[in-house]
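Participant: build me a model from this:
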Amino acid sequence: MLELVRETGGQEQGTDWRALAESLGQQFVKSEAEADRSDLFVTDNFATLKSSGLIAAGVPTELGGGGASHADLCDVLRILGRYCSSTALAFSMHTHQVMIMTWKWHHQNALVDGLLKRIAKEQLVLLSSGGSDWLQGSGTAKQVEGGFLINGRKVFASGAPAGNLLMTSAVYQDPDAGPTVLHFGLPMNASGITIEPTWQVMGMRGTASHDILLSNVFVSDKAIAVRREQGKWHPAFHLIVAIALPLIYSVYVGVAEAARDLAVQKARKRSNEEHVCYMVGSLDNELTAAKLALQHMISTAVTSQPGFETTNQVQTGRTLVARSVLKVVDLAMEVAGGGSFYRSFGLEKLFRDAQGARYHPLREEAQCKLSGQIALGWDLSSL
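Facilitator: Below is the predicted model:
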């Protein structure tokens, strides 16, 4: 069983993570709205995540953290997503990196306790470039004495202004093994790292998912955590899928819940119209479908070992959640009517934010291809 953390973790310490998320979410609404209007990062919200203990919630209690379980943090992100989409999505990128290390510490005796302790003590924020790199990786690694010089552009680095450590990769042209993707962490204050403010987009505007430029950034040999063949599935990616995607897509289900509630609030003024009842019923069907698919993702992560079958189940859930979330916000606009077109109502923002559900890997076409290859008995070692 995957069992990302011990079941008695955070709750044994008396922390009600869901109540905390509800309280913080209500506080975050104002700065979230301002960030959406002005393309600003939700700086104050991230400061509050630190002071509240949520930044270190996924760190085991033995290492100074909150000991929250994977399911706890999925709930936290779903609740935050109802109030503050950008804060929740940027936080999910940090959270999944923490939970990956927590799993490795529990199940592989990995030497990550030092970094996990620092996250708890120093409230470090981790950034991810995994969604933009994926199996191919990006950027170049040139071998030098004692390590590598890294060059590249890392896009979609959500939470960039708050980040302390970038978890990323680059491609090394190994003379013997061929193109090899190296995985490592880079301190954001290292020489050669700059943030380029490129994030002017349709939705999730407050995530500050800017580009990070790497120019001859040195990384030592000892800092290389994984070396893998470019373009091929690796055990590390099966673990990433199992842990990260349920956390990330919990945010989008929260967005869908908020859209549903706003639409129903508006529709109650016309509740005597029969066709409105049908539309609201359809809306609730789609939201239920999204929740069921998300629960399938979470339960698969908890009860299964990382591997192709788990990846297939979680990625299928990712497609189903995305489909239903997008249908929910579309139906919500129909249910609410013309009033939903006004920014002041709030549904227009949720509609825009939900569109991000389309883009996290694997996108639907690639997911269907992988599922089909597995179902048809392809040689998985070739994938």
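
Participant: in stretch 258-274, what counts as buried?
Facilitator: Across stretch 258-274, burial judged by 16 or more other Cβ atoms under 10 Å covers 258-260, 262-264, 266-267. Heads up, the C-betas are built off the backbone N, CA and C, glycines and all.

Participant: nearest to residue 358, of those?
Facilitator: residue 259 (15.7 Å; Cβ to Cβ).

Participant: quick check, residue 142 in a strand?
Facilitator: Yes: residue state for residue 142 (DSSP: H, G, I helix; E, B strand; the rest coil) corresponds to a strand.

Participant: for the stretch 1-150 of the chain, give me the ranges with low pLDDT.
Facilitator: Across the stretch 1-150 of the chain, the ranges flagged by pLDDT under 70 are 1-14.

Participant: that one: helices as residue ranges?
Facilitator: 9-12, 17-38, 43-52, 70-83, 85-107, 113-122, 130-133 (DSSP state H, counting those that start in this stretch).

Participant: JSON lines for those helices, including mean neighbour count and distance to residue 192?
Facilitator: Supplementary listing: the helices of the stretch 1-150 of the chain in JSON lines, determined by neighbours: other Cβ atoms under 10 Å; distance: least, Cβ to Cβ, whole Å:
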{"stretch": "helix 9-12", "mean neighbour count": "18", "distance to residue 192": "38"}
{"stretch": "helix 17-38", "mean neighbour count": "18", "distance to residue 192": "29"}
{"stretch": "helix 43-52", "mean neighbour count": "18", "distance to residue 192": "24"}
{"stretch": "helix 70-83", "mean neighbour count": "25", "distance to residue 192": "32"}
{"stretch": "helix 85-107", "mean neighbour count": "26", "distance to residue 192": "22"}
{"stretch": "helix 113-122", "mean neighbour count": "18", "distance to residue 192": "21"}
{"stretch": "helix 130-133", "mean neighbour count": "21", "distance to residue 192": "18"}
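
Participant: would you format those helices as TSV with distance to residue 218 included?
Facilitator: Output for the helices of the stretch 1-150 of the chain, formatted as TSV (distance: least, Cβ to Cβ, whole Å):
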stretch	distance to residue 218
helix 9-12	37
helix 17-38	34
helix 43-52	28
helix 70-83	33
helix 85-107	22
helix 113-122	19
helix 130-133	19
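
Participant: just checking, which of the buried residues of stretch 258-274 belong to helices?
Facilitator: 258-260, 262-264, 266-267 (DSSP state H).

Participant: out of these, which comes closest to residue 185?
Facilitator: Distance to residue 185 across these (Cβ to Cβ) is lowest for residue 258, with 33.8 Å.

Participant: quick one: residue 249 is in a helix?
Facilitator: Yes: counting by three-state DSSP, residue 249 is part of a helix.

Participant: give me the number of residues near it?
Facilitator: 29 (other Cβ atoms under 10 Å).

Participant: grab the nearest non-local neighbour of it.
Facilitator: Excluding the flanking residues, the one nearest residue 249 by Cβ to Cβ, 6 or more residues apart in numbering is residue 321, at 4.7 Å.

Participant: which residues touch that neighbour?
Facilitator: 249, 252-253, 290, 293-294, 297, 357 (Cβ atoms under 8 Å, 6 or more residues apart in numbering).
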